[in-house]
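Novice: sequence? don't have it. structure:
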């Protein structure tokens, strides 16, 4: 049996995934003058959780870890490339180290899934991929068309090499051409967003960034499936796994888009608006997803509570940017109230399967990661800021798993024939 996927995994509409998965769930209980260099192994400023050991790794865990790490790779690569383009010498080394940590974690996971020899080959290919992405970013920063073309050619060759690796590592379960096509799409997205960012077309840059994250996150399932027998791979397509994956992608994306918007606050209003637009798009997708599971009325309740949560985080960020201690204190107080409201909402939809208190603590921890992150970023403590980002990203994936487990035990989907009800609307808005 061959899988017609490698890193090429079609991005299914999230509402369709959530609706189908939930329906099958139990119904009972400036420019830099000096080029940036590729990250090197060694001392890293940030740390990531180690993948599960080979003897303990289940296909389900492999999928979740590949999704997490590949999605994060896209975001870290985007931000490193933008740091090079924007000539941010203090940020670039820390961003580079964070991307190297991600590569190390991916390499370890590939070794877990495919064995040591294939893991070593993957590491070589992925390091070259990152080196060539940086070469492209340096070409953009220097307005050097020749350097950009050379890097583009190298990146496309990297994609072909990756395709050959996947075909061999998967014992032919994935076609080399399919896997190479997925990486070509990935590198094209990263190059295009870098060009857009340099041209100050921030709306395009941030829109493509979100697409790149989603494409790489969903590719994690394909890479996990290719590492196991067809019989085990079928289990990774089960409705509970699709539901978990969709929620994890959207909640992880929420965390990372707030990070983007917080950082863009210090870059100017046009970049802030572009980043905030993607936060709104994520809120709309989450609202549609909730509507597919709990119906339009409860989805509207979610949208309102979630919008308050987003606005509270942005209010805190604005206070930090304005050195407004009173504003920060007010925003923190409001965030505590919003966390309590969200916890009550989630506990209600899962019929108290999850108690309010631990839910409140989880949402408050999420808020704390983000408020501490913007404090650190504003003070240019970039190593601390990136560590808080990684910790917060992983925590949100844990929240997704917990919520999905409770939803599958208790929620009977309220779906019309032919699709989900969303109730219309869905974008969060800033309070004035």
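Specialist: Happy to help now that I have it. Just so it is clear, the model here is predicted, and its values are computed rather than measured.
Novice: Walking through the stretch 1-150 of the chain, point out its helices one by one.
Specialist: 14-23, 59-85, 91-114, 116-141, 145-169 (DSSP state H, counting those that start in this stretch).
Novice: so for the first one, what's the average pLDDT?
Specialist: Averaging pLDDT along helix 14-23 gives 43.
Novice: Please apply the same query to stretch 314-328.
Specialist: pLDDT averaged over stretch 314-328 gives 98.
Novice: That one spans what distance, first to last residue?
Specialist: For stretch 314-328, the first-to-last residue distance is 10 Å (C-alpha to C-alpha, to the nearest Å).
Novice: Show me what counts as buried in it.
Specialist: Under the neighbour-count criterion of 16 or more other C-beta atoms under 10 Å, stretch 314-328 has 314-320, 327-328 buried. C-betas here are computed from N, CA, C, even on glycine.
Novice: Can I get those residues in CSV including secondary structure?
Specialist: Converted to CSV, the buried residues of stretch 314-328 look like this (DSSP: H, G, I helix; E, B strand; the rest coil):
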residue, secondary structure
314, helix
315, helix
316, helix
317, helix
318, helix
319, helix
320, helix
327, helix
328, helix
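Novice: quick revisit: same list (the helices of the stretch 1-150 of the chain) but as CSV, adding distance to residue 363.
Specialist: Formatted as CSV, the helices of the stretch 1-150 of the chain follow (distance: least, C-beta to C-beta, whole Å):
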stretch, distance to residue 363
helix 14-23, 20
helix 59-85, 20
helix 91-114, 25
helix 116-141, 34
helix 145-169, 38
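Novice: what about residue 390, distance to residue 301?
Specialist: 31 Å (C-beta to C-beta, to the nearest Å).
Novice: Distance check, the residue nearest to residue 371 when sequence neighbours are not counted against residue 183.
Specialist: The shortest distance from residue 371 to any non-neighbouring residue, by C-beta to C-beta, 6 or more residues apart in numbering, is to residue 316 (5.3 Å). For residue 316, the distance to residue 183 equals 38 Å [C-beta to C-beta].
Novice: How about residue 110?
Specialist: Note on residue 110: its distance to residue 183, by C-beta to C-beta, is 14 Å.
Novice: what do you get for residue 285?
Specialist: Distance from residue 285 to residue 183, by C-beta to C-beta: 25 Å.
Novice: need the longest helix for the protein.
Specialist: Longest helix in the chain by number of residues, with DSSP state H as the criterion: helix 382-410.
Novice: which stretches of the stretch 201-350 of the chain form strands?
Specialist: For the stretch 201-350 of the chain, strands defined by DSSP state E, counting those that start in this stretch do not occur.
Novice: now the helices: where do they sit in it?
Specialist: Under the criterion DSSP H, counting those that start in this stretch, the stretch 201-350 of the chain carries helices at the ranges 202-226, 230-235, 239-264, 269-294, 296-321, 325-349.
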